[in-house]
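Asks: Got a sequence here, can you model it:
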Amino acid sequence: MVTNTDFLAMFESVMAKIKSEYLCYNFFTERDFEWTVQKYLWDVIHKNNLSYEVFHNHPIEQRAFADLVIVRTGTSYRDITLGKEKAEFIAEFKFEPSRRRTDFCEGKLKEPVVFWNEVNRDIDRILRFVETKKTRSAVAVLIDEFGRFRDREINNRSTWIDWGNCGSDKHNISILLTSLRAE
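Replies: Have a look, this model is predicted:
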């Protein structure tokens, strides 16, 4: 059976793969990034015959859904919302496209797509999910394609990770990562 550490390591390996091929994806929205992570996690789980599933927009609490969730096969969302079972891994995402991109409608990227309070809300949510034992581990991720938020004060549990330009003068990618494990 996969341990908590393995799910975080699995997620980190998926992020490393995305970084190495970043320009091939041409992400436009948060869901594009989520789908890519979901597909890679699903591939790893199924290639290794692990008894887990990866869901998008999965209920964790009443009226609280998570972007991506890994659960043991057969685990009902009702059991998680009622506290009878817990998710193995939860991921929340925000995606801020580079304001230098030319493949968006003119003027679309003059203002941020992401609101900073939403980034902090995701961090608070994963902290709550871990503290209330809804999951064994969780991450909150902001993909900031040109460092629009890099000067913001961050949560003491968060870390900026520089991906650089990934081969494009339109990018200077920073990843804000908050990674938590249940104790």
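Asks: Show me which parts of the worst-scoring helix or strand of the chain on mean pLDDT are buried, residue by residue.
Replies: Taking mean pLDDT, DSSP states H and E as the measure, the chain has helix 4-20 as its least confident helix or strand, at a mean of 90. Neighbour counts over helix 4-20 (16 or more other Cβ atoms under 10 Å) mark 7-8, 10-11, 14-15, 18 as buried. Placement of C-beta: from N, CA and C, glycine included.
Asks: gap between the residue in the chain sticking out farthest from the centre and Glu61?
Replies: Computed with Cα atoms, centre = their mean, the residue of the chain farthest from its C-alpha average is Glu106, at 27.7 Å. Using Cβ to Cβ, to the nearest Å, Glu106 is found at 40 Å from Glu61.
Asks: same thing with Glu53?
Replies: According to Cβ to Cβ, Glu53 stands 19 Å off from Glu61.
Asks: Over to Ile90?
Replies: Per Cβ to Cβ, Ile90 is found 11 Å from Glu61.
Asks: between those two, which one's more packed in?
Replies: Set side by side, Ile90 and Glu61 show more neighbours around Ile90, with 28 against 16, by other Cβ atoms under 10 Å.
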